[in-house]
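A.B. asks: Turn this into a structure:
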Amino acid sequence: MKRKIFQNLVLNFLLITSFAYGKNGIPIDKIQNDPYFMNGSALEQEESDENESSGLNESGTQGGAQMDPNKPDFYNKENWSGGIKGEDDSFSIQNDSEKNNAGSTSDTEEKSSAENQDYTQNQQEENQLLKTDQDLRLPGTFLPSNCRLNFSLNYTAFYSPSFTEDFLQSYFNDFAGFNFKGLSFSGEYIFKGKSDTHKFSLGLLGSWSLLESNADRYNISADKITGDLTLGLKFFHKNRNQVNIFFGAGILYIYNMFLEYSNGLKSETTNWLYPDVVAGGSYNVYIYNHFGGTAGLTLHWPVFTKGFFPQLEINIGMVTRF
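C.D. replies: All right, here's what the predicted structure looks like:
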């Protein structure tokens, strides 16, 4: 009897308690289904609320359909906020390690690209330094070392020692060994080579001078002619300056030498021919690409002569090149 009374009291207490909670707006089925009362954990309730807000049920389905994580359309902007949009409007997961790898790859590519640019620039500068002056000029630009022919025409005065009777010039001692009546010319072929600063040349050098001497009872007259083959070396400085050094050998020809006396009589003519060696140099300044002025010295030394006749020629004239 007491047991039945106790059970009735417990039942009435539960009914009163349920009535009180129900009156405050909490349904009885909510209390019965509450995870806290079922297993004592509120975490599953939070997960259930999240699933309800995202439209997913406990089995991971959405809208009653099963979602397969292996399918490309599983991670989309509707059910995965961390997705990345792909080419087909689907989203793929990119975790932190992938992002770091992507950033590292990008940095590596940028660094590699910068190194390649530096290497290319260094190669261009090195190639630029290795190029010759001819390679660096614009097409059609004049280059002195490309010329193959040099010609010059000069006024020539020469000096020959005359302080002893052994010197041939002692017979023509008009101005203490100086003679100012002469002309000279030269023509040279320049060999083609790789260098743009110097070239070799093979040339022909010739001169003419009028020899005269006036005395009380007679006058002496003759023509002095020289002709020599020369081997030369030419140095080019930019477009305007050129230095020439040469040496060679040839002949000295004293032509049509005769004496004319004060009474009008003339002696027979005499011709002298001697071998000689020659050496000299000149400096050319070109006003234009193909035309300029020149000045130089040439030493002729005839050999096998009865009297010594060395000559130092002073040449001033004009020069051209092609």
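A.B. asks: Alpha carbons only: can I get stretch 298-306 in PDB?
C.D. replies: Taking Å, rounded to 0.1, in the frame of the first residue of the first chain, the C-alpha atoms of stretch 298-306 are listed here in PDB:
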ATOM      1  CA  THR A 298     111.200  60.100 -96.500                       C
ATOM      2  CA  LEU A 299     114.800  59.100 -96.400                       C
ATOM      3  CA  HIS A 300     116.500  58.000 -99.700                       C
ATOM      4  CA  TRP A 301     119.900  56.500 -99.600                       C
ATOM      5  CA  PRO A 302     121.500  55.600-103.000                       C
ATOM      6  CA  VAL A 303     124.200  52.900-102.900                       C
ATOM      7  CA  PHE A 304     127.200  52.200-105.100                       C
ATOM      8  CA  THR A 305     127.500  55.900-106.000                       C
ATOM      9  CA  LYS A 306     130.900  57.500-106.500                       C
END
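A.B. asks: Would you state the helices of this structure in chain order?
C.D. replies: Assigned by DSSP state H, the chain shows helices spanning 2-23, 28-33, 35-39, 43-54, 96-130, 133-136.
A.B. asks: Return the per-residue confidence for Phe309.
C.D. replies: As predicted, Phe309 sits at a pLDDT of 83.
A.B. asks: Likewise for Ser162?
C.D. replies: 73.
A.B. asks: Next one: it from Trp208, what distance?
C.D. replies: 20 Å (C-beta to C-beta, to the nearest Å). No exception for glycine: its C-beta is placed from N, CA and C like everyone else's.
A.B. asks: Now tell me what touches stretch 225-238 from outside.
C.D. replies: Stretch 225-238 has contacts (C-beta atoms under 8 Å, 6 or more residues apart in numbering) with 144-145, 150, 186, 188, 190, 196-208, 242-253, 255, 276, 278, 300.
A.B. asks: Give me the buried entries from those.
C.D. replies: 144-145, 150, 186, 188, 190, 196, 199, 201, 203, 205, 207-208, 242, 244-246, 248, 250, 252-253, 276, 278, 300 (16 or more other C-beta atoms under 10 Å).
A.B. asks: Next, count neighbours for Tyr218.
C.D. replies: If you count neighbours by other C-beta atoms under 10 Å, Tyr218 ends up with 16.
A.B. asks: Isn't it up against Leu259?
C.D. replies: Yes. Using C-beta atoms under 8 Å, Tyr218 makes contact with Leu259 at a distance of 5.0 Å.
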